[in-house]
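**Student:** next one to model:
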Amino acid sequence: MVMLSACSSTVQPNSSQSTASPHEDANASSQNSQQSEVAPETDLGAQYAHSISEYIDYYLNQSAIISEYEKTALEHAKQEGEVSVTAYESAWSTYKQCMTDKGYSNVIVDTLANGVHQRVASEMIDDTFTYNKALSDEAQCYADIDTIAQIYNAQIGNVNFYTNQDEAIVDCLRRNNLVPSDYTSSTLNKERSSQQYSFNRDDINVVTCFVTNNYFYPREGEPTTNWFE
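**Tutor:** Numbering: from 1, shown residues only. Prediction:
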């Protein structure tokens, strides 16, 4: 299976995060492995925003990087104070319909037990040109809804809007009592390098902390699909 890129088309403020592809193990992201370790006393630092309202405003103020669909949804979210489950589900339905309209079949998303979604790559075909075009089409469809998905995910997995991906993951793990309070992004980097984790990577809450911070890796029960059947 060839992997979809998890990198967003949306530009994040002061972003130092890196992402792995869906189905790629956490230690396989070269960008993450190259991140410098952060001392515990400065472990959780720079933030995108200080509230969900500020986070939504950031995107609303950059019309060049959000679709018209997203603009309407985010204006409504600003009034409601969050991206609702309804808006989130509608966005993913829009993504799937976009793929269907482009002629692809079996368009699904990976849905965790708590309702969080992530993209699913198609099985490969021999026609490289057609397959690469499909990946490009998929990226375009996701680009129309990725800001909505990111903000919704942040409401769950990055409630303090940390700009560093590992810091956001660690903060999520801490808040859910999945790691000790002294667990840091440095610790995560070391465990990633050694592939010896001090937490259960198959725990749905652990998976959620990674997925909602745009970091994807294999899990039991993860679906696969074939857009070309």
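**Student:** report the separation between Ser181 and Gly81.
**Tutor:** Separation of Ser181 from Gly81 (Cβ to Cβ, to the nearest Å): 29 Å. For the C-beta atoms, the positions are set from N, CA and C on the backbone; glycine is no exception.
**Student:** neighbour count for these two, which is higher?
**Tutor:** With neighbours defined as other Cβ atoms under 10 Å, Ser181 and Gly81 compare such that Gly81 has more, 11 against 6.
**Student:** hmm, that one is touching Tyr55, no?
**Tutor:** No - Gly81 is beyond contact range of Tyr55, at 11.4 Å (criterion: Cβ atoms under 8 Å).
**Student:** all strands of the protein, in order?
**Tutor:** For the chain, applying DSSP state E gives strands covering 109-111, 117-119.
**Student:** point out where the chain drops to low pLDDT.
**Tutor:** 1-44, 217-218 (pLDDT under 70).
**Student:** give me that answer again for 80
**Tutor:** Regions of the chain meeting the criterion pLDDT under 80 cover residues 1-45, 216-221.
**Student:** show me the helices in it, by range?
**Tutor:** 30-33, 52-60, 68-80, 85-101, 128-143, 146-157, 165-175, 185-194, 204-211 (DSSP state H).
**Student:** would you mind putting the ones you listed into CSV with distance to Asp110 and mean neighbour count alongside?
**Tutor:** Formatted as CSV, the helices of the chain follow (distance: least, Cβ to Cβ, whole Å; neighbours: other Cβ atoms under 10 Å):
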stretch, distance to Asp110, mean neighbour count
helix 30-33, 21, 14
helix 52-60, 24, 18
helix 68-80, 22, 16
helix 85-101, 11, 16
helix 128-143, 13, 15
helix 146-157, 13, 22
helix 165-175, 18, 23
helix 185-194, 21, 17
helix 204-211, 8, 21
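**Student:** which one of those helices lies nearest to His117?
**Tutor:** helix 85-101 (5.3 Å; Cβ to Cβ).
**Student:** re the thing from before, so which of the strands of the chain gets nearest Lys133?
**Tutor:** Taking Cβ to Cβ, strand 117-119 is the member of the strands of the chain nearest to Lys133, at 16.7 Å.
**Student:** partner strands of the closest one and their direction?
**Tutor:** Here strand 117-119 is paired, per DSSP bridges, with strand 109-111 (antiparallel).
**Student:** check contacts around the nearest residue to His76 once chain neighbours are set aside.
**Tutor:** Residue nearest to His76 in three dimensions, not counting chain neighbours: Ala87, with 6.9 Å by Cβ to Cβ, 6 or more residues apart in numbering. By Cβ atoms under 8 Å, 6 or more residues apart in numbering, the contact set of Ala87 is Ala73, His76, Ala77, Ile148, Tyr152.
**Student:** over to His50?
**Tutor:** So His50 contacts Phe161 (Cβ under 8 Å, 6+ apart).
**Student:** the same query, at a cut-off of 10 Å, please.
**Tutor:** By Cβ atoms under 10 Å, 6 or more residues apart in numbering, the residues touching His50 are Asn160, Phe161.
**Student:** repeat that for Leu60.
**Tutor:** Leu60 sits next to Ile66, Glu70, Lys71, Leu74, Glu75, Ala77, Lys78, Thr147 when contact means Cβ under 10 Å, 6+ apart.
**Student:** 8 Å - rerun?
**Tutor:** If you count contacts by Cβ under 8 Å, 6+ apart, Leu60 has them with Ile66, Lys71, Leu74, Glu75, Lys78.
**Student:** now do Asp57
**Tutor:** With contacts defined as Cβ under 8 Å, 6+ apart, Asp57 is in contact with Ala49, Lys78.
**Student:** looking at the strands of the chain, spot the one closest to Ile204.
**Tutor:** Closest to Ile204 of those is strand 109-111 (Cβ to Cβ; 11.6 Å).
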